[in-house]
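Asks: Sharing a model prediction with you, sequence too.
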Amino acid sequence: MEALEKRAKKLAEEYPGVRKVALSFSGGLESAVVGSILQECGFEVCPVVVDLGQKSDFSRIRKNATEMFGSCEHVDAKEYFIENIKRGIKANYGLRGNMNAGGLSRPAIARALVEAARRLSCQAIAHGSSGAGNDHLTMENSLRVLGPEMRIIAPVRDLDIRRDEALEFAKRRRLKTNLQRASKYSADENLWVRTIRQGEALDPTQPVEEEAYKWTVSAKDAPAKPSRVEVEFEDGVPSKAEIDGKRFFKMQEIILKLNEAGGRHGVGRLDSLDDKVVGLKAREVYECPAAQVLLAAHRQLEQITLTTKELDVKEYVELVWGRIVHDGGWYSRLRRSLDAFIDHTQRYVEGSVAISLYRGNIIVDGRKSKRALYDVRLSSQDSRGIFSQKEARQFAKLYGLQDIIAYLMESE
């Protein structure tokens, strides 16, 4: 393979007229390498650090970016991201059990990048996503919708930069990034989910080392006493959480506190294989205590407030919605159309769910809603029940009538 430096020289030729580039900069390996390559190609690099609630040392990242590129733009995009999270909760987002955090986070990052690029008079936006996963699609589809006038530069994908190449490049250039961690695995973090991938996490036959986890303890090391949680919902969105007697009302605070409580009890670890759009299967390990708690509570509340047929249709809509978002279609018209149906169902999803967090488990203790379709008097089979079993006699005769006739005909 041709040396990275030689391949990089061709990059400037592809983008005539581009002088300033807004770079999505996290301080990690890929963003540091991409920024250095762009700078060596003669572009003026404007690093943009997007705050999605990740537990990062932003002062250090801004300092390193300023030393490398002469400036740094810090954008708080948590509000955008939280609105996406709310939509994700309503849709029970998690395609085939995966958290697929990029589907929610990249559209928020893209919005912040486009706004910053225009403010800084940039002609292009660069990101460090590879072509093997979905992030380049979730990012670029959003960037092209929101900033159609911007050129999009993706050196990791377009120059086929391999991870070992990036590590060697960073060492040679003495780039200020955590090479020790990057040599072991890649971590992507935001308010909602922390994702561990690549490096030592590649082999699906082996567990991820304990040192890779930052938000959660192992379930075997969790306290013997559970935490009690009660989450209230309005219009399908969390409006209040009570955690061990303390109440929280703002969405960001609810997520942060549930991450802390769940993490202490070993809740929120998820080891999964994700089917990428290009056809590859990739192992991704998640830490997502708040996400798992809130999604579990939301599903419980839907079970008690929505009709069987609504749940059936919504389950299919969720599958389509999840696939669209997973594949990079956050700003698609179809996603917005599906939201209209989801929003209509969520008018009835209000009430509260009580949960215990105990040694890696989310235990539902109860659920209640003034819109509940569950009635103890109807469901009770003792003398207090008001439902007459005799009324189901004729129903039983007609139930499955066509299937019975078809079976008898085939048996003749």
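Replies: Alright, I've got the coordinates.

Asks: contacts and neighbour counts: CA atoms only from here.
Replies: Will do.

Asks: pLDDT below threshold where in the stretch 1-150 of the chain?
Replies: The stretch 1-150 of the chain contains residues with pLDDT under 70 at 1-2.

Asks: all helices in it, in order from the N-terminus.
Replies: Taking DSSP state H, counting those that start in this stretch as the test, the helices found in the stretch 1-150 of the chain are 4-9, 29-40, 58-69, 78-90, 102-119, 135-146.

Asks: Which one of those lies nearest to G360?
Replies: For G360, the closest of those is helix 78-90, at 21.0 Å, according to CA to CA.

Asks: Need the residues that contact the closest one.
Replies: 51-53, 104-105, 108, 192, 236-237, 251-252, 294-295, 298, 342-343, 346 (CA atoms under 8 Å, 6 or more residues apart in numbering).

Asks: buried residues in it?
Replies: By neighbour count on 16 or more other CA atoms under 10 Å, the buried set for helix 78-90 is 78, 80-82, 84-90.

Asks: CA atoms only: put it into PDB for me.
Replies: Extracted C-alpha coordinates of helix 78-90, given in PDB (Å, rounded to 0.1, in the frame of the first residue of the first chain):
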ATOM      1  CA  LYS A  78     -26.800  18.900  23.900                       C
ATOM      2  CA  GLU A  79     -30.100  20.600  23.200                       C
ATOM      3  CA  TYR A  80     -30.200  19.200  19.700                       C
ATOM      4  CA  PHE A  81     -29.100  15.800  20.900                       C
ATOM      5  CA  ILE A  82     -31.600  15.600  23.700                       C
ATOM      6  CA  GLU A  83     -34.500  16.300  21.300                       C
ATOM      7  CA  ASN A  84     -33.200  13.400  19.200                       C
ATOM      8  CA  ILE A  85     -33.000  11.200  22.300                       C
ATOM      9  CA  LYS A  86     -36.700  12.000  23.100                       C
ATOM     10  CA  ARG A  87     -37.600  10.900  19.600                       C
ATOM     11  CA  GLY A  88     -35.600   7.700  20.100                       C
ATOM     12  CA  ILE A  89     -37.400   6.900  23.300                       C
ATOM     13  CA  LYS A  90     -40.800   7.300  21.700                       C
END
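
Asks: Quick one: the helices of the stretch 1-150 of the chain as TSV, columns for distance to I125 too.
Replies: TSV is the format used below for these (distance: least, CA to CA, whole Å):
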stretch	distance to I125
helix 4-9	17
helix 29-40	11
helix 58-69	15
helix 78-90	19
helix 102-119	7
helix 135-146	8
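
Asks: what's the closest of those helices to S227?
Replies: For the helices of the stretch 1-150 of the chain, the distance to S227 is smallest for helix 78-90, at 22.2 Å, taking CA to CA.

Asks: those strands in this structure, which residues are they?
Replies: 20-24, 44-51, 73-76, 124-126, 151-153, 186-189, 194-197, 227-234, 237-243, 246-248, 269-275, 281-287, 351-358, 361-368 (DSSP state E).

Asks: Compare those strands and report which one is nearest to R162.
Replies: With CA to CA as the criterion, R162 lies closest to strand 186-189 of the strands of the chain, at 13.1 Å.

Asks: Pull out the buried positions in the closest one.
Replies: In terms of neighbour count (16+ other CA under 10 Å), strand 186-189 has its buried residues at 186-187, 189.

Asks: K390: which of the residues you listed is nearest?
Replies: Relative to K390, the closest of the buried residues of strand 186-189 is E189; by CA to CA it sits at 57.6 Å.

Asks: which ones are touching R323?
Replies: L95.

Asks: circling back: would you list the buried entries among the contacts of helix 78-90?
Replies: Buried members of the contacts of helix 78-90, counted by 16+ other CA under 10 Å: 51-53, 104-105, 108, 192, 236-237, 251, 294-295, 298, 342-343, 346.

Asks: Pick out whichever of the residues you listed sits closest to H136.
Replies: Using CA to CA, S105 is the member of the buried ones among the contacts of helix 78-90 that sits closest to H136, with 12.2 Å.

Asks: Need the nearest residue in space to the residue nearest the centre of the chain, chain neighbours excluded.
Replies: Per CA atoms, centre = their mean, the C-alpha nearest to the average position across the chain is that of A101, at 1.9 Å. Once flanking residues are discounted, A101 sits nearest to V193: 6.3 Å by CA to CA, 6 or more residues apart in numbering.

Asks: again, but for H136
Replies: Leaving aside its sequence neighbours, H136 sits nearest to S129 (CA to CA, 6+ apart; 5.1 Å).

Asks: mind checking pLDDT for N178?
Replies: N178 is assigned a predicted lDDT (pLDDT) of 80.

Asks: Can you give me the neighbour number for it?
Replies: Number of residues near N178 (other CA atoms under 10 Å) recorded here: 12.

Asks: gap between it and G27?
Replies: Separation of N178 from G27 (CA to CA, to the nearest Å) stands at 8 Å.

Asks: and I405, how many neighbours?
Replies: Applying other CA under 10 Å, we find 11 other residues in the vicinity of I405.

Asks: What residues sit buried inside stretch 91-104?
Replies: Buried residues in stretch 91-104, counted by 16+ other CA under 10 Å: 91-95, 98-104.

Asks: quick one: which of those is nearest to E242?
Replies: Using CA to CA, N92 comes nearest to E242 of those, at 21.4 Å.

Asks: how is the protein carved up into domains?
Replies: 4-188, 199-368, 376-411 (automatic domain parsing).

Asks: returning to that earlier point: which among the helices of the stretch 1-150 of the chain is found nearest to K314?
Replies: Each of these has some distance to K314 by CA to CA; the shortest is helix 78-90, at 10.3 Å.

Asks: Please, where are all the helices along the stretch 251-400 of the chain?
Replies: Here the stretch 251-400 of the chain has its helices, by DSSP H, counting those that start in this stretch, at 251-264, 289-305, 308-326, 333-346, 376-379, 393-398.

Asks: Make TSV from those helices and add distance to R359 and mean pLDDT to it.
Replies: Below are the helices of the stretch 251-400 of the chain laid out as TSV (distance: least, CA to CA, whole Å; pLDDT from 0 to 100):
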stretch	distance to R359	mean pLDDT
helix 251-264	9	98
helix 289-305	12	97
helix 308-326	29	97
helix 333-346	31	98
helix 376-379	32	67
helix 393-398	44	83
